[in-house]
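S.K.: structure for the following, please:
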Amino acid sequence: MNPKPTRRDALDNRERILTVAREAIAASSGTSHGVSLTAIAKEAGVGIGTLYRHFPTREALILELYRHDIQHLIDRAPVLLAGRPPLVALRLWFDEVAHYGRLKYGVAEVIHAATDGGADDEYFAPFVAAIALLLKAGAADGSLKSGLDPEDVLLQLSVLWRLDPARDGEARAGRILDLIVDGLRTAP
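M.R.: This next block holds a predicted model:
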């Protein structure tokens, strides 16, 4: 028996809920605790029951935002490489990761718990592969050191999720990314 396909209006509702939730979490400095699910539903133009049908818990909503956003980052790596030199593509991608880190601030504990500290995270390997793609392209054109471990780079990037956006997080992220890129370059 084939499962019944999701109706277009249900998909639209889901996307509106995610968009509003992302904006609400970002506006609250990345914490989900002060974000009202009722306010999200109202802003998305749906009833609270509709929100709960799509996302039965606050954690389910946060995890879906995580899945959507992390997949977007994974997909962006080859797109950025297609039209730019590898070093430029890497830095632009890092900037997008930093932006995501500002959104993730305050909800990281929910994601960490749900993915068993990353051990059960289905996006870990594809995210590391996106980093590897960027590093390999940079090594091939000579702008980045060869033999860099993408998991080591991911560990360096993980500091971004700890930067409080309300306490000069954007400027600090830029400085940290400069340090990371300088360490990866063949000639800083």
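
S.K.: okay, and the helix or strand of this structure with the least pLDDT?
M.R.: Lowest on mean pLDDT, DSSP states H and E among the helices and strands of the chain sits helix 108-114, with a mean of 61.

S.K.: any idea which helix or strand comes after that one?
M.R.: helix 124-141 (DSSP states H and E).

S.K.: ok, and for that following helix, which residues are buried?
M.R.: 127, 128, 130, 131, 132, 133, 134, 135, 137, 138, 139 (16 or more other CB atoms under 10 Å). Using the backbone N, CA and C atoms, a C-beta is placed for each residue, glycine as well.

S.K.: which residues touch the residue nearest to the second one when sequence neighbours are not counted?
M.R.: To tie it back to what came earlier, the one meant is residue 128. Of all residues not flanking residue 128 in the chain, residue 150 sits nearest, at 4.9 Å (CB to CB, 6 or more residues apart in numbering). Residue 150 makes contact with 128, 129, 131, 132, 135 under the criterion CB atoms under 8 Å, 6 or more residues apart in numbering.

S.K.: wait, residue 177 touches residue 98, no?
M.R.: Yes - with contacts counted by CB atoms under 8 Å, residue 177 reaches residue 98, the gap being 6.1 Å.

S.K.: now do the shared contacts for the two.
M.R.: By CB under 8 Å, 6+ apart, no residue touches both residue 177 and residue 98.

S.K.: now do the contacts for residue 180.
M.R.: If you count contacts by CB under 8 Å, 6+ apart, residue 180 has them with 94, 153, 156, 157.

S.K.: distance from the chain centre to whichever strand or helix holds it, please.
M.R.: Assigned by DSSP H and E, residue 180 falls within helix 169-184. Chain-centre distance of helix 169-184: 17 Å, with CA atoms, centre = their mean, to the nearest Å.

S.K.: mean confidence for that helix?
M.R.: Averaging pLDDT along helix 169-184 yields 91.

S.K.: between it and helix 124-141, how many degrees?
M.R.: Angle, helix 169-184 to helix 124-141, by axes from the mean of the first three to the mean of the last three CA atoms, to 10 degrees: 50 degrees.

S.K.: buried residues in helix 169-184, which are they?
M.R.: 169, 172, 173, 176, 177, 180, 181, 184.
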